[in-house]
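>>> Based on what follows, work out the 3D shape:
(one chain, ligands or ions: 1)
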Amino acid sequence: MNLSLENIINQKLVAVFKALELDEKFAFVKVSDRPDLSDFQCNGALALAKSERKNPREIATRIVSELEKDGDFANISIDGPGFINLSLKDSLIAANMDRISEDERFGVSCINAPKTVVMDFGGPNVAKALHVGHLRSAVIGESIRRIEKFVGNKVISDVHFGDWGTPMGMILAEVILQDGSLEKIETYNIADISSFYKKANARCKEDETAKENARVITAELQNGNAEYRKAWQHLRKVSVDAVKENYDALEAHFDLWLGESDAHETCAEIVKIAEQKGVSEVDDGAIIVRLEETNKPKPPVILVKSDGGFAYQVTDIATIKMRADDLKADEIIYVVDKRQSLHFEQVFEVADKLGLAPDAKFKHVGFGTVNGADGKPFKTRDGGVMNLEDLINMSKDKVRESMPAPDEQYDTNYIENLVSEIAIGAIKFQDLKNNTASGYVFELDDFAKFEGKTGPYIQYAIARINSIVRKASENGINSGTITISNREERDLALKLAQLNAVIMRAHAEKEPSILSDYAYTLAQTFSTFYNASSIMNAEDTILAASRLKLAKLVRDILRLLLYLLGIKSPEVMLKK
Ligand code: ARG
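You can find the predicted model right below:
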């Protein structure tokens with residue numbers, strides 16, 4: 001149930017608007033732009049006046065005189081042309097905090113009509129170790145997955161493995177070239193296969209015959225050549241096992257491990273549907289679909305290449321059909337590099353033209369690149385692409401530097417586990433604190449610090465409250481009914497009261513950085529509160545009990561926020 005203060009005030013406003021026979025659509029507040037003047041503001045009188053061509057101040061005055069009958073407001077005023085400023089009585093805020101702390105969802109509502117949301121993220125490829133370019137898809141995707149689930153949607157995540165294109169033929173061709181056959185392929189591990197792929201890549205760039213050969217093998221593999229299929233199964237399995245380890249480390253969860261290859265049969269169906277609907281044409285031996293070019297030039301989509309093979313785009317189109325038919329998707333969300341925006345525009349347009357998923361919504365959440373200090377995609381010192389495992393190890397090394405030596409209470413295992421939770425948290429938070437669409441510079445020096453806008457800072461804030469709670473209990477302080485006795489308590493409570501709106505906005509915009517921002521400011525607001533309002537030395541036991549309850553609420557909400565960002569909250573944080 002939505003227990004937020006905003007919702008409580010909105011309901012009061014709805015009642016007033018009803019009584020005054022005003023359009024209820026405008027009966028809502030938002031957090032005040034001027035916290036020095038009021039807690040909330042309602043701009044409804046202005047909007048109403050505009051739509052009904054009336055005087056906004058006059059409407060505002062009527063609303064206000066009705067609202068003044070309500071005992072929960074400390075102050076109501078009209079500002080400028082007709083903004084209504086509302087401040088709440090402390091008693092209402094305190095009672096609201098009590099209710100929220102007793103609710104297991106902290107008063108956050110679930111959406112009215114839950115949907116089946118298919119999430120496509122990860123997008124790893126056979127034979128390629130995950131690198132820093134795969135980081136954002138996994139990290140942002142996992143956070144959106146958790147947010148969507150939390151608001152009540154049914155979420156099905158699919159990794160959409162890149163296991164069907166020309167690279168498959170290239171690897172097989174390279175193995176055949178070096179070994180004379182595919183007999184030994186099943187003895188190769190991920191490192192061997194990656195190295196075959198690298199060599200194949202270099203060879204195909206220089207040698208047209210090698211490229212042609214790889215193309216032919218890819219086509220035969222796709223058409224069902226048994227020997228190639230068997231060898232390919234091995235490539236796929238080894239690659240899936242390797243990336244599973246990476247995703248486990250990042251705690252990215254996939255319900256389905258399907259790949260482009262699983263869409264193969266459906267690709268043929270797509271070609272037929274396109275033909276029947278008369279939207280495809282043959283062009284230079286390929287079967288293509290031309291797209292609307294009213295706003296900008298848009299290249300046609302190739303359904304079948306001139307050699308008869310299926311390319312990347314048609315596998316995505318076919319996958320839409322499968323997700324609509326088999327998974328009953330109401331919405332499909334792709335978390336993929338924004339450089340693939342045109343690809344998705346094309347794919348969505350063809351899916352619409354063919355009527356593949358008429359009731360489903362498609363959304364591409366495009367993210368920017370992770371850059372180095374030079375503003376170019378992040379590289380290792382020697383100029384190579386940074387693989388994900390190295391990045392994680394680097395972050396762990398950094399965090400380990402600030403850890404104390406193991407002792408009786410915290411042994412090596414404990415510390416290593418903590419190092420890992422902090423290091424992964426640091427990497428993820430650095431990624432999620434940035435607006436998804438913009439790229440960011442990977443901060444090698446500051447991202448794992450305990451101060452500033454970092455993951456460890458939030459983890460530290462949680463651990464600090466844990467320690468406060470322990471100390472309070474040692475001192476015989478129990479948490480009790482919340483009362484507001486000073487400015488800092490009030491500010492903290494109002495900040496906590498924003499939770500529902502913040503989560504709903506992150507959900508609506510598919511933007512985890514809304515949560516990371518909020519977590520950061522909440523942790524800061526808590527700090528200010530705690531500096532001003534001692535728990536251990538509170539003026540009386542009632543205040544101590546109230547503050548302790550507020551502190552616990554902050555901790556639990558910070559934990560929830562980190563969970564929604566995909567980050568662990570260690571019980572204690574150790575420091576040298
Ligand atoms: N494997 C692709 C790549 O590395 C990304 C896949 C993204 N998802 C999708 N449905 N196309 O570029």
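>>> use CA for all of it now, contacts and neighbours both
OK.
>>> right, and Cys204 touches Ala210 too?
Yes - here Cys204 reaches Ala210: they are 5.5 Å apart, a contact under Cα atoms under 8 Å.
>>> residues in contact with stretch 76-84?
Stretch 76-84 is contacted from outside by 41-46, 56-57, 59-61, 64, 68, 85-87, using Cα atoms under 8 Å, 6 or more residues apart in numbering.
>>> how about a cut-off of 6 Å?
Stretch 76-84 has contacts (Cα atoms under 6 Å, 6 or more residues apart in numbering) with 41-43, 46, 56-57, 60, 85-86.
>>> chain center to it, what's the gap?
Its chain's C-alpha centre and that of stretch 76-84 lie 38 Å apart, by Cα atoms, centre = their mean, to the nearest Å.
>>> And stretch 205-214, by the same measure?
40 Å.
>>> mind listing what's buried in it?
Neighbour-count burial for stretch 205-214 flags 210-211, 213-214 (criterion: 16 or more other Cα atoms under 10 Å).
>>> Just the closest of the residues you listed to the ligand, please.
Set against the ligand, the nearest of those by Cα to the nearest ligand atom is Ala214 (18.9 Å).
>>> Can you tell me what sits against whichever strand or helix holds that closest one?
Using DSSP states H and E, Ala214 maps to helix 208-223. For helix 208-223, contacts defined as Cα under 6 Å, 6+ apart pick out 166, 169-170, 173, 204, 228-229, 309.
>>> Derive a PyMOL selection command for the buried subset of those residues.
This is the PyMOL syntax for the buried subset of the contacts of helix 208-223, where burial follows 16+ other Cα under 10 Å:
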select buried, resi 166+169+170+173+204+228+309
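>>> hang on, Asp70 in a helix?
No - Asp70 sits outside any helix when classified using DSSP: H, G, I helix; E, B strand; the rest coil, being coil.
>>> what pLDDT, on average, does the strand or helix carrying Asn500 get?
For Asn500, the host element (DSSP H and E) is helix 499-509. Averaged across helix 499-509, pLDDT comes to 97.
>>> Farthest pair within the contacts of helix 208-223?
Largest separation among the contacts of helix 208-223 by Cα to Cα: Cys204 and Arg229, giving 21.5 Å.
>>> backbone phi and psi for Gly152, please?
phi 110, psi 0 (degrees, to the nearest 10).
>>> In the helix or strand just after the helix holding Ala214, which residues are buried?
Per DSSP H and E, the first helix or strand lying C-terminal to helix 208-223 is helix 226-250. Neighbour-count burial for helix 226-250 flags 228, 231-232, 234-236, 238-240, 242-244, 246-247, 250 (criterion: 16+ other Cα under 10 Å).
>>> go on, stretch 423-441?
423-436, 439-441.
>>> what's the answer for stretch 375-394, then?
For stretch 375-394, using 16+ other Cα under 10 Å, the buried residues are 377-379, 386-389, 391-392.
>>> restrict those to those near the ligand?
Taking Cα under 6 Å from any ligand atom, there is no overlap between the buried residues of stretch 375-394 and the neighbourhood of the ligand.
>>> Helices along the stretch 251-400 of the chain, start to end?
Applying DSSP state H, counting those that start in this stretch to the stretch 251-400 of the chain gives helices spanning 264-276, 312-325, 341-354, 388-401.
>>> ok, then the element right after the last one?
On the C-terminal side of helix 388-401, the closest following helix or strand by DSSP H and E is helix 412-432.
>>> Can you tell me which helices and strands the helix or strand that that following helix is followed by packs against?
Toward the C-terminal end, the helix or strand that comes next after helix 412-432 (DSSP H and E) is strand 440-441. With contacts taken as 3 or more Cα pairs under 6 Å, 6 or more residues apart in numbering; DSSP states H and E, strand 440-441 sits against strand 370-371.
>>> end to end, how far does stretch 567-576 reach?
Distance across stretch 567-576, first residue to last, is 23 Å (Cα to Cα, to the nearest Å).
>>> just to revisit the earlier point, turn the buried residues of stretch 205-214 into CSV, including pLDDT.
As requested, the buried residues of stretch 205-214 are exported to CSV (pLDDT from 0 to 100):
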residue, pLDDT
Ala210, 95
Lys211, 94
Asn213, 95
Ala214, 94
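>>> which residues touch the helix or strand harbouring Thr521?
If you go by DSSP H and E, Thr521 is part of helix 513-532. If you take Cα under 6 Å, 6+ apart as the criterion, helix 513-532 is touched by 432-435, 488, 492, 506.
>>> Relative to the ligand, how far out is Tyr530?
45 Å (Cα to the nearest ligand atom, to the nearest Å).
>>> Pull out the buried positions in stretch 331-348.
Result for stretch 331-348 [16+ other Cα under 10 Å]: buried residues 331-338, 343-348.
>>> Quick one: residues contacting the closest residue to the ligand within the stretch 351-500 of the chain.
The ligand sits closest to His364 of the stretch 351-500 of the chain, with a gap of 9.5 Å, by Cα to the nearest ligand atom. By Cα under 6 Å, 6+ apart, the contact set of His364 is 333-334.
>>> Can you pull the residues of the stretch 101-250 of the chain lying near the ligand?
So far as Cα under 6 Å from any ligand atom goes, the stretch 101-250 of the chain lies against the ligand at 120, 123-125, 160, 162.
>>> gap between stretch 56-73 and the chain center?
The answer for stretch 56-73 is 40 Å, by Cα atoms, centre = their mean.
>>> Check stretch 505-524 too.
Using Cα atoms, centre = their mean, the offset of stretch 505-524 from its chain centre is 10 Å.
>>> and the end-to-end length of that stretch?
Using Cα to Cα, the end-to-end distance of stretch 505-524 comes to 21 Å.
>>> per-residue confidence averaged over stretch 548-562?
Mean predicted confidence for stretch 548-562 is 98.
>>> How far does that stretch sit from its chain's centre?
Relative to its chain's centre, stretch 548-562 lies at 21 Å (Cα atoms, centre = their mean).
>>> which residues touch that stretch?
Against stretch 548-562 from outside (Cα under 6 Å, 6+ apart): 101, 462, 479.
>>> What of stretch 306-315?
219, 260, 263, 285-286, 303-304.
>>> among the contacts of stretch 548-562, who's most crowded?
The most crowded member of the contacts of stretch 548-562, judged by other Cα atoms under 10 Å, is Ile462 (27 neighbours).
>>> pLDDT of stretch 116-127, averaged?
96.
>>> actually stretch 249-257, not the one I typed
The model assigns stretch 249-257 a mean pLDDT of 97.
>>> What residues of it count as buried?
Buried residues in stretch 249-257 (16+ other Cα under 10 Å): 250-254.
>>> What of stretch 400-413?
Applying 16+ other Cα under 10 Å to stretch 400-413 flags 400, 403 as buried.
>>> mind listing what's buried in stretch 82-89?
Taking 16+ other Cα under 10 Å as the criterion, stretch 82-89 shows 82-88 as buried.
>>> got it, and stretch 92-103?
Along stretch 92-103, these residues count as buried under the neighbour rule (16+ other Cα under 10 Å): 92-94, 96-98, 100-101.
>>> Closest to the ligand out of those residues?
Ile100 (39.1 Å).
>>> Check what pLDDT the nearest residue to the closest one once chain neighbours are set aside gets.
Excluding the flanking residues, the one nearest Ile100 by Cα to Cα, 6 or more residues apart in numbering is Phe106, at 4.6 Å. At Phe106, the pLDDT value in this model is 97.
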